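Engineer: sequence first, predicted model second:
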Amino acid sequence: MDGAAARADRAATREPRSPDRASVGRPADSRGLFAGGGEEPGEGGTAPGDRPASAAVEVARRLALLILLRVLVSGALFGSALSVLSTGPVEEAVRGRLYVYLVAAFASAALEFVWLLFERGMAALAWVHVAVETLLAGWLVALTGGPAGPFGFLALLSTVHGALAAGSAGAAASALLATGVLWALAGLPSLQAAVGTLPVAVTPPRLLAALLADAGGCFATAALSAYLTERLQRTGRALSAREAELRSLGDLYRSVVRSLGSGLLTLVPSGGVRRVTLLNEAGARILGVDPEEAPGRTLADISPALDEAVAAAPPSRAAACEIARDGEKRLLDLAVSSLRGPAGEAAGMVVAFEDVTEIKRLQAALARQEHLASLGELSAGLAHELRNPLAALSGAVEMLSTDAVEGDDARLFELIRRESVHLGKLVSDFLAFARPPRPALREGDLGALLAQCCETFQPQAAARGCVLECGSVPAPARFDPDQMCQAVTNLLRNAVEASAEGGRIAASVRPAGDEWAIEVEDDGPGVAPEIAGRIFEPFFTTKQKGTGLGLALVARITEAHGGTVDVASREGGGARFVITLPRQAGASGATAAPRS
């Protein structure tokens, strides 16, 4: 991993990498000898410690090709040698030895190939291959007339073969060995007799000239072959290094795009539409599409609202749009930039976008809490100033009403007493909203609490001719029973007041991920979208005799428990209020009640 990190750093800063520092592939034991293509680095490239094993893989692959070349060339040379032989007893003997040569060439190739399969000792195998190849070339030269025969040029080919197998050292060794074999054949008649050299009429000066030409050619070929081979290998290492660097950059690019938490897509204009060329996984989750199927589709097909926002967004400026996903509205922030090609030409657009629905919701909740706090302070001061005069007024009315009062005076006293009670309740609601007590949390069952609240409220619902249905599951949580019962009762009262006679009200508790959801539904007129955002504000009401504190108190209690409350209109009419509470988490500003 250290090697991968270093390569990623070099790629990011675009520092050139010298060929001798290139990573050249995986070790032999992790890839095998005959994997196709160029060297393939591991994840992020090959560490420097893997280079010797990777070099062995390269040598083994090259030897495999040279062994195959020996089989093909030996067969071709065998056929050529047979074609140049005339008929006669000597030629027949040479022809028989040519078959032995062919068998020896094929057998040595097979043995070397078996050695390759063991993937050990590749350097030693290269030298063995050079020696065998040079000796086979000398043998064929000897069989066909020696250095002055038609195949004297094979010494040059064996030198080239040595350079390919073992580099400059292999070329030099092959040149020395080939020259030695040729001179031995020319100067040792006993060796010619042992090998069975085909007699060729040649004068000593011509033979010497041939030997000198072959020797000079071998060493010149060795020098040239070694130079070209080294250049070829250096170029190959440089290309492998560049390929590894490009692959590392590609892996880094894909990793960065895949790891982004926000959406990223690239677009190209195509026939008047914007076609997607890339969509990362985060963007696919936000839009609710498969990232593998997005490339090639038009943005209008994937998300018409986003397509319109991209078309209207100013270049390099932030914009916003609202999309629908799974029947729910989501708010997106996006920024559109031009995509430039290698020469700086316009090649499309890059769109970065993020789902800010929850952020906007939290911002709205924070603003509402700040607003409620300021209204709460105002309500507390107002209620305090009204409570004492109201108490005195109520006491005086009670004392006066005990005397004999008849007629219009009695009705006036009753009106004063009734309105005093109403004002007293309003002041109490003000104080409960402005300074609610901290919830005393204890272990309990929200399902049992909801059933108890529904049973208590059942007579009031029946008095309005409404049917109250309660369904719940065991829902263990930590909450203040008194405060939560007050919140649920306020929602039930609101549902009954919104429903017509004979209406249906349903209350339930259900799991919602890591939270519990208390739902109260009615089949009344529902909540208009334009007032849904204000319905939990204090003193906001659509009822003629409402105070606007019932739902505000529900929101205040829920937030004190670390939960949320939302409202939505139901399909077919009616409203659904949902209180969401954590299953076991503590509440904000709550205190734990002692267990009995």
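Structural biologist: Structure's in. What do you need? Numbers count the residues shown, from 1 in each chain.

Engineer: only C-alpha atoms for contact and neighbour calcs from this point on.
Structural biologist: Fine.

Engineer: in this protein, where's the longest helix?
Structural biologist: The longest helix of the chain (DSSP state H) is helix 204-259.

Engineer: show me what that helix is packed against.
Structural biologist: Counting by 3 or more Cα pairs under 8 Å, 6 or more residues apart in numbering; DSSP states H and E, the packing neighbours recorded for helix 204-259 are helix 2-13, helix 154-187.

Engineer: in the stretch 401-550 of the chain, where is pLDDT below threshold?
Structural biologist: For the stretch 401-550 of the chain, the stretches with pLDDT under 70 are 401-409, 426, 429-437, 539, 544-547.

Engineer: that one: strands as residue ranges?
Structural biologist: For the stretch 401-550 of the chain, the strands defined by DSSP state E, counting those that start in this stretch cover 440-445, 467-471, 476-479, 504-512, 515-522.

Engineer: reformat those strands as CSV; add mean neighbour count and distance to H561.
Structural biologist: Below are those laid out as CSV (neighbours: other Cα atoms under 10 Å; distance: least, Cα to Cα, whole Å):
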stretch, mean neighbour count, distance to H561
strand 440-445, 17, 9
strand 467-471, 17, 23
strand 476-479, 22, 7
strand 504-512, 20, 16
strand 515-522, 24, 12
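
Engineer: mind checking which of the ones you listed is nearest R62?
Structural biologist: Closest to R62 of the strands of the stretch 401-550 of the chain is strand 504-512 (Cα to Cα; 63.9 Å).

Engineer: can I assume F353 is in contact with L331?
Structural biologist: No. Using Cα atoms under 8 Å, F353 is not in contact with L331, being 10.2 Å away.

Engineer: neighbour-wise, which of the two wins?
Structural biologist: The neighbour comparison of F353 against L331 (other Cα atoms under 10 Å) goes to F353, with 24 against 18.

Engineer: quick check: closest non-adjacent residue to the more buried one.
Structural biologist: L334 (4.0 Å; Cα to Cα, 6 or more residues apart in numbering).

Engineer: list the beta-bridge partners for that neighbour.
Structural biologist: Counting by DSSP bridges, L334 forms beta bridges with A319, F353.

Engineer: count of neighbours near it?
Structural biologist: For L334, the count of nearby residues is 24 (other Cα under 10 Å).

Engineer: the bottom helix or strand of this structure by mean pLDDT?
Structural biologist: Counting by mean pLDDT, DSSP states H and E, the chain has its least confident helix or strand at helix 28-31, which shows a mean of 36.

Engineer: continuing past it, what's the next helix or strand?
Structural biologist: helix 51-84 (DSSP states H and E).

Engineer: who does that following helix touch, helix- and strand-wise?
Structural biologist: Against helix 51-84 (3+ Cα pairs under 8 Å, 6+ apart) you get helix 28-31, helix 89-118, helix 122-143, helix 154-187.

Engineer: if we can go back for a sec, and the pLDDT at the residue nearest to F353?
Structural biologist: For L334, the pLDDT comes out at 87.

Engineer: contacts for stretch 283-302?
Structural biologist: 262-265, 273-281, 303, 306-308, 325, 353-355 (Cα atoms under 8 Å, 6 or more residues apart in numbering).

Engineer: of these, keep whichever come out buried.
Structural biologist: Buried residues within those, counting neighbours by 16 or more other Cα atoms under 10 Å: 262-265, 274-281, 303, 306-307, 353-355.

Engineer: ok, back up a step: return the most buried member of the helices and strands packed on helix 51-84.
Structural biologist: Per residue and on average, the most neighbours among these fall to helix 154-187, with a mean of 24 (mean count of other Cα atoms under 10 Å).

Engineer: right, and A498 touches P525 too?
Structural biologist: Yes. At 7.2 Å, A498 counts as touching P525 under the criterion of Cα under 8 Å.

Engineer: these two: which is more packed in?
Structural biologist: Shown here are A498 and P525; by other Cα under 10 Å, A498 has more neighbours (19 against 15).

Engineer: distance to F118 added to the strands of the stretch 401-550 of the chain, as CSV?
Structural biologist: Below are the strands of the stretch 401-550 of the chain laid out as CSV (distance: least, Cα to Cα, whole Å):
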stretch, distance to F118
strand 440-445, 70
strand 467-471, 73
strand 476-479, 66
strand 504-512, 61
strand 515-522, 62
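
Engineer: figure out which of those is closest to E243.
Structural biologist: Set against E243 and scored by Cα to Cα, those come closest in strand 504-512, at 50.6 Å.

Engineer: I'd like to know which elements that closest one is packed against.
Structural biologist: Secondary-structure packing of strand 504-512 (3+ Cα pairs under 8 Å, 6+ apart): helix 446-463, strand 467-471, helix 481-498, strand 515-522.

Engineer: parallel or antiparallel, list what pairs with it.
Structural biologist: Note on strand 504-512: by DSSP bridges, its sheet partners are strand 467-471 (parallel), strand 515-522 (antiparallel).

Engineer: quick check: angle from the shortest one to helix 446-463?
Structural biologist: Using axes from the mean of the first three to the mean of the last three Cα atoms, to 10 degrees, the direction of strand 467-471 lies 170 degrees away from that of helix 446-463.

Engineer: which residues touch strand 467-471?
Structural biologist: By Cα under 8 Å, 6+ apart, the list of residues contacting strand 467-471 from outside reads 450-451, 454, 458, 461-462, 502-509.

Engineer: what angle separates that strand from helix 481-498?
Structural biologist: Here strand 467-471 points in a direction 140 degrees away from that of helix 481-498 (the same axes, to 10 degrees).

Engineer: just the CA trace of strand 467-471, in PDB.
Structural biologist: What follows is strand 467-471, C-alpha atoms only, in PDB (Å, rounded to 0.1, in the frame of the first residue of the first chain):
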ATOM      1  CA  VAL A 467     -65.500   6.900  15.300                       C
ATOM      2  CA  LEU A 468     -62.100   6.600  17.000                       C
ATOM      3  CA  GLU A 469     -59.900   3.600  16.100                       C
ATOM      4  CA  CYS A 470     -56.700   2.800  17.900                       C
ATOM      5  CA  GLY A 471     -54.100   0.300  16.700                       C
END
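
Engineer: just confirm P315 is within a strand.
Structural biologist: No. Checked against DSSP: H, G, I helix; E, B strand; the rest coil, P315 lies outside a strand; its state is coil.

Engineer: how close does it get to S338?
Structural biologist: 7 Å (Cα to Cα, to the nearest Å).

Engineer: now swap in L135 and tell me
Structural biologist: Separation of L135 from S338 (Cα to Cα): 67 Å.

Engineer: what of R411?
Structural biologist: On the measure of Cα to Cα, R411 and S338 end up 79 Å apart.

Engineer: if anything else comes up later, I'll come back, but that's it for now.
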